[in-house]
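Participant: sequence? don't have it. structure:
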C-alpha cells in the first residue's frame, strides 16, 4: 500500500461509504474525494479521516481543492451521475450521465492517465463503454462494478433459504443488473458443495428471482434512496485486488473482444483483477439457457450503446 493513492469522484452514499471502508482497511496511503458539493465533501473527508485515526489506520483522507489533486492516482472510482427522476426516459438518463462521465474522464486523462478506472455510475455497462470511448484508454484499464454486488445478493438469499453456510457461499452471476442478470447456480457452491445438491430447482429459481429484484427491494423500503453498503464494499474488493495485485477473480463489467462470441460491447463476466486492471477474462462453460440469457443481456447493453453512438459520440 506504500504510496498508493485512490481517487473517488462523486461522494454520495456509495462514494462516502467506499472511502470509509478503504480508510479502515488501510490498503492505500491516501484517498482523495471530489464532488461538486465542496463543503459537504470537505466535511466527509474530515469525518472519515478522523474515524480512520480512531481506528489507528495510516490512510489519510482529503477533499480535492483543485482537479490536479487527483494527479498520480493508482485507482479512480467514478460514482458521479444522477438517479433517474420521474418523467425522465431511459435515454435521458443515459445521455445526462454520459455527459457527466465525459467531464470526469477528461480530467482523469490529464492528471491520472495511468489510473485504473472503476465505474459505478448507471446505467453501468453503457457508462463503462462511454468511459472507454471518450478516454481512449486500453480496455484493461476501465471496468465497472456490478457482478460482485449481484453475487453477494445471491449469496444472501441462498443463506436465507438454507439457514446455514454463512461465509462459505460462493455465488456466480454474469450479465447486467435486474432482469438482464444471469445467475449461474451450476457455478455456485456452499462449502464446496454444488447448489443443486442442497436445493431443489424450484428453490433455486426463487433465489434467482429474489436476486434479480434485490436492489429494487431496498429502493422500495428506503423510499428515498438506494443501496450503498453492499455496493461500496463490493467496490472496495475490486480496489483492493488491483492495489495489492491479488489476481483475484471477480465478475466485473468489461469490454469484450471475442470472449463469449461478442466484440465491442460491454458485459459482466468473471475477470482476473491485478495491478494492470483486467488481466484476464475467464470464459465459463454455459448451458444453452445461460447462453440465451447472456445474449439478452448483451442485446440490452447494445441498445444503449446504439443510442450513445447516435446521439452522444
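Facilitator: Received it, and whenever you're ready, just let me know what you need. The structure presented is a predicted model; accordingly, all values stated were derived computationally and were not measured.

Participant: Next, count neighbours for the nearest residue to residue 187 once chain neighbours are set aside.
Facilitator: The shortest distance from residue 187 to any non-neighbouring residue, by Cβ to Cβ, 6 or more residues apart in numbering, is to residue 172 (3.9 Å). Yep, even glycine has a C-beta here, placed from its N, CA and C like the rest. Residues within reach of residue 172, counting by other Cβ atoms under 10 Å, total 22.

Participant: Contacts only, for residue 172.
Facilitator: 151, 183-184, 187-188, 251, 270, 284 (Cβ atoms under 8 Å, 6 or more residues apart in numbering).

Participant: Return the member of these nearest to residue 312.
Facilitator: Here the nearest of the contacts of residue 172 to residue 312, counting by Cβ to Cβ, is residue 251; it sits at 26.7 Å.

Participant: how long is stretch 184-194 from one end to the other?
Facilitator: The first residue of stretch 184-194 is 11 Å away from its last residue (Cα to Cα, to the nearest Å).

Participant: For it, which residues meet the burial criterion?
Facilitator: 184-190 (16 or more other Cβ atoms under 10 Å).

Participant: Off-centre distance for the helix or strand of the chain with the lowest mean pLDDT?
Facilitator: When the helices and strands of the chain are scored by mean pLDDT, DSSP states H and E, helix 214-222 comes last with a mean of 90. Per Cα atoms, centre = their mean, to the nearest Å, the displacement of helix 214-222 from the mean C-alpha position of its chain is 18 Å.

Participant: list the helices and strands that helix packs on?
Facilitator: helix 147-162 (3 or more Cβ pairs under 8 Å, 6 or more residues apart in numbering; DSSP states H and E).

Participant: average pLDDT for the helix it packs on?
Facilitator: For helix 147-162, mean pLDDT rounds to 97.

Participant: what's the nearest residue to residue 204 if we skip its chain neighbours?
Facilitator: residue 185 (4.9 Å).

Participant: oh, I was asking about residue 257
Facilitator: residue 263 (5.7 Å).

Participant: Same question for residue 229.
Facilitator: For residue 229, the spatially nearest residue (Cβ to Cβ, 6+ apart) is residue 17, at 6.1 Å.

Participant: Now do the host helix or strand of that neighbour: which elements does it pack against?
Facilitator: Element membership of residue 17 [criterion: DSSP states H and E] is helix 13-25. Counting contacts by 3+ Cβ pairs under 8 Å, 6+ apart, helix 13-25 packs against strand 5-9, strand 30-34, helix 38-54, helix 229-243.

Participant: Could you pull up the mean pLDDT of it?
Facilitator: 97.

Participant: quick one: the helices in the stretch 51-200 of the chain?
Facilitator: 90-111, 124-135, 147-162 (DSSP state H, counting those that start in this stretch).

Participant: separation between the residue nearest to residue 229 and residue 180?
Facilitator: 25 Å (Cβ to Cβ, to the nearest Å).

Participant: likewise residue 292?
Facilitator: 12 Å.

Participant: which of these two has more neighbours?
Facilitator: Ranked by neighbour count (other Cβ under 10 Å), residue 292 and residue 180 place residue 180 first, with 21 against 12.

Participant: Looks like that one contacts residue 303 (just checking).
Facilitator: No: the pair residue 180 / residue 303 is not scored as a contact, 10.8 Å apart, by Cβ atoms under 8 Å.

Participant: Name the residues of whichever strand in the chain runs longest that come out as buried.
Facilitator: In the chain, assigned by DSSP state E, the strand with the most residues is strand 263-274. By neighbour count on 16+ other Cβ under 10 Å, the buried set for strand 263-274 is 265-274.

Participant: Please identify which of those residues is nearest to residue 226.
Facilitator: When the buried residues of strand 263-274 are compared against residue 226 (criterion: Cβ to Cβ), the nearest one is residue 268, at 18.4 Å.

Participant: Is that closest one bridged to anything, and to what?
Facilitator: residue 253 (DSSP bridges).

Participant: burial measure for residue 39, as a count.
Facilitator: 9.

Participant: got the contact list for residue 231?
Facilitator: 14, 120, 145, 149.

Participant: Make TSV out of those and add neighbour count and distance to residue 226.
Facilitator: Shown next, in TSV, are these (neighbours: other Cβ atoms under 10 Å; distance: Cβ to Cβ, whole Å):
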residue	neighbour count	distance to residue 226
14	24	9
120	27	12
145	29	14
149	23	11
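
Participant: CSV please, covering those and showing distance to residue 29.
Facilitator: Shown next, in CSV, are the contacts of residue 231 (distance: Cβ to Cβ, whole Å):
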residue, distance to residue 29
14, 22
120, 22
145, 22
149, 27
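
Participant: Just name the closest of these to residue 239, please.
Facilitator: residue 145 (9.6 Å).

Participant: Please verify my assumption that residue 251 contacts residue 272.
Facilitator: No: with contact defined as Cβ under 8 Å, residue 251 does not count as touching residue 272 (11.4 Å).
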